[in-house]
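Peer 1: Coordinates only, no sequence provided:
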């Protein structure tokens, strides 16, 4: 156990829920609720992929939720952790097909947090986890460890999942993912808190079991943030987040100070 | 699920108790060290992909006979097979068995995943216009498939992570594995990285004009870029007390790690090496060491004009001119991408153990802007107590590791 972080703010863009065109498709494509493509506001983002733009928007939504500023997260005392299962499939497909004019750098999952780091000037400890919900829980745990160890004063946990560009491929992988595939971009701001945080991890559970409280759609790595958002709105304690992915399950429990 | 609750009053010290490598020199730790210590260059004409018209036609591939000797399965990708061989060797080397193995964490640095097979499948389908057979390529294309394969095949059932931090992925897996041990979540972690050559990677670096037409020559005045390679390397990290209790061998101590990001550009490093400097200083601070305590730096050393120049600036800032011995393993085995951080960590650990510092191959005229002894050509006997391993990924993802000799107190 380590000292639990406090959830200072959460920005969540969820298709079909808060914005986005909410479209659903079938006929050789998996059902997808898409967030669409945010407008490009700055020439620096002219090459940016959809997932990068959504990530920047998610951080802005988090700042708004926390009534805080860009200056408050700038610098080396802010850690940045990113988790995704699928957000770079679209850019890799585009690069392989050669028709999208995509820059090679944008095929890397790392480009998403890199764009966020550049946009907001975040230069502290840094990590990128790949996987489903357990990877996001692990990112939160890593953030908590860095906060506990004094490696940073605050941590951003960024998660983006997009599906629309590869809906036909997901339709052929129905055993692996639930439906409707719902695009989400979220950013969590964590600071040192009270109480203890317990992380549990082990083998078992089905590949498709979603995080608790998020069973109505497939959010992949964003499921823990969707569940956290619901917990914040509906209350209930203590906070516990669970997730399973391809034979692994994980759980994070916030325990109040005794 | 296991719930480990350990007091953090005295964070555990971390040691390296097992090593395993599949590299362009072949399979196995001994083969790797023989190649590294001999200063052999394994960068040769590429055979795994068509390179006609590219800036470079070279790559550091795992030799075909070594690949053929690795256990095969229709379900396993080239990268999976490399990872499985290297991870198995590391576990066997550490003699990590029973509950110690079952509870261990597994952290894999990966980028390409099963892309070598996936891109072939995808092109086959798009060019033929017909649905291609072998859809399992879709399932294994994503980098977390390695961790799934390793966990299932090797019975490592603790927390399972896939770190995707470009060229710093393998080093990041080592840093984060150590964090899990320090936090008391596990007492052992199998950590490392893997990447097989992929066409997408070769095409991408070719498009960026970063590939060298000749075998790369890091730190040379006339360097022209990098050489792409492939490898898998794994280490077993352990709580030092538990390792001694088991009576296992200690190769080295992992004394510190630093991770930072530049927030500067999606491909280029910060021109002043600002993020690199902070990563190195963080790692030294965690190790409670001064720069003068470090005898050797296994540099990121890609051979591109920009990387080597910036890394030299960072090293000058921390160590001063001529303040430390430096070499680049990439001159021997190419840039093995997500595996690079862990392969080079293994080279660093072995250098400490053997008291022999790996050389930089192909280095003829040292760049005057790089004021360090870069150990040209031949390995250098030197009993250093502690060494750094630098890994600096695309987009300014910086990881520095500090290792100390295993026999030191």
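Peer 2: Cool, the structure landed. Here the structure is a predicted model, which means the values were calculated and not measured. Numbering: from 1, shown residues only, chains lettered A, B, ... in the order given.
Peer 1: Residues in contact with stretch B:129-145: which ones?
Peer 2: By C-beta atoms under 8 Å, 6 or more residues apart in numbering or on different chains, the surrounding residues in contact with stretch B:129-145 are A:85-86, A:89, A:130-131, A:135, A:169, A:172-173, A:176, A:246, B:75-77, B:80, B:108, B:110-115, B:117-118, B:120-122, B:124-125, B:162, B:164, B:338. The C-beta positions use only the backbone N, C-alpha and C, and glycine is treated the same way.
Peer 1: Mind checking which of the residues you listed are buried?
Peer 2: Listed as buried from the contacts of stretch B:129-145 are A:85-86, A:89, A:130-131, A:135, A:169, A:176, A:246, B:76-77, B:80, B:108, B:110-115, B:117-118, B:120-122, B:125, B:162, B:164, B:338; burial here means 16 or more other C-beta atoms under 10 Å in any protein chain shown.
Peer 1: tell me the strands in the stretch 51-200 of chain B, going along the chain?
Peer 2: Under the criterion DSSP state E, counting those that start in this stretch, the stretch 51-200 of chain B carries strands at the ranges B:58-59, B:105-110, B:160-163, B:188-195.
Peer 1: Sheet-wise, list the partners of the first one with their directions.
Peer 2: Okay, so that is strand B:58-59. If you go by DSSP bridges, strand B:58-59 pairs up with strand B:44-45 (antiparallel).
Peer 1: can you give me the offset of the partner strand from its chain's centre?
Peer 2: How far strand B:44-45 lies from its chain's middle: 21 Å, per C-alpha atoms, centre = their mean, to the nearest Å.
Peer 1: do stretch B:210-219 as well
Peer 2: So, by C-alpha atoms, centre = their mean, the centroid of stretch B:210-219 is 19 Å from its chain's centroid.
Peer 1: how many other residues sit next to residue B:404?
Peer 2: Close neighbours of residue B:404, defined as other C-beta atoms under 10 Å in any protein chain shown, add up to 24.
Peer 1: What residues sit buried inside the helix or strand that contains it?
Peer 2: Assigned by DSSP states H and E, residue B:404 falls within strand B:397-405. Of all the residues in strand B:397-405, those buried under the rule 16+ other C-beta under 10 Å are B:397, B:398, B:399, B:400, B:401, B:402, B:403, B:404, B:405.
Peer 1: Against chain A, which of those make the cut? List them.
Peer 2: Filtering the buried residues of strand B:397-405 for proximity to chain A by C-beta under 8 Å from any C-beta of the partner chain leaves B:397, B:398.
Peer 1: With pLDDT as added columns, please give the buried residues of strand B:397-405 in CSV.
Peer 2: As requested, the buried residues of strand B:397-405 are exported to CSV (pLDDT from 0 to 100):
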residue, pLDDT
B:397, 94
B:398, 97
B:399, 98
B:400, 98
B:401, 98
B:402, 98
B:403, 98
B:404, 98
B:405, 97
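Peer 1: so residue B:21 is in which element?
Peer 2: In the assignment (DSSP H and E), residue B:21 maps to strand B:14-23.
Peer 1: give me every residue that touches residue 49.
Peer 2: By default, I'm working from chain A. Residue A:49 makes contacts with A:90, A:91, A:102, A:106, A:111, as judged by C-beta under 8 Å, 6+ apart.
Peer 1: Let me rephrase: I mean chain B.
Peer 2: Listed by C-beta under 8 Å, 6+ apart, the contact partners of residue B:49 are B:197, B:199, B:202.
Peer 1: What pLDDT does the model give the residue nearest to the second one when sequence neighbours are not counted?
Peer 2: Sequence neighbours aside, residue B:49 is the residue nearest to residue B:199 in space, at 5.1 Å (criterion: C-beta to C-beta, 6 or more residues apart in numbering or on different chains). Taken from the predicted model, the pLDDT recorded for residue B:49 is 91.
Peer 1: ditto for residue B:216
Peer 2: Per-residue pLDDT puts residue B:216 at 98.
Peer 1: just checking, it is part of a helix?
Peer 2: No - per DSSP: H, G, I helix; E, B strand; the rest coil, residue B:216 lies outside any helix segment and is coil.
Peer 1: Can you tell me what sits against the helix or strand hosting residue A:72?
Peer 2: Element membership for residue A:72 (DSSP H and E) is helix A:70-73. Outside of helix A:70-73, the residues within contact range by C-beta under 8 Å, 6+ apart are A:59, A:63, A:120, A:121, A:122, A:154, A:156, A:189.
Peer 1: Many thanks, have a good one.
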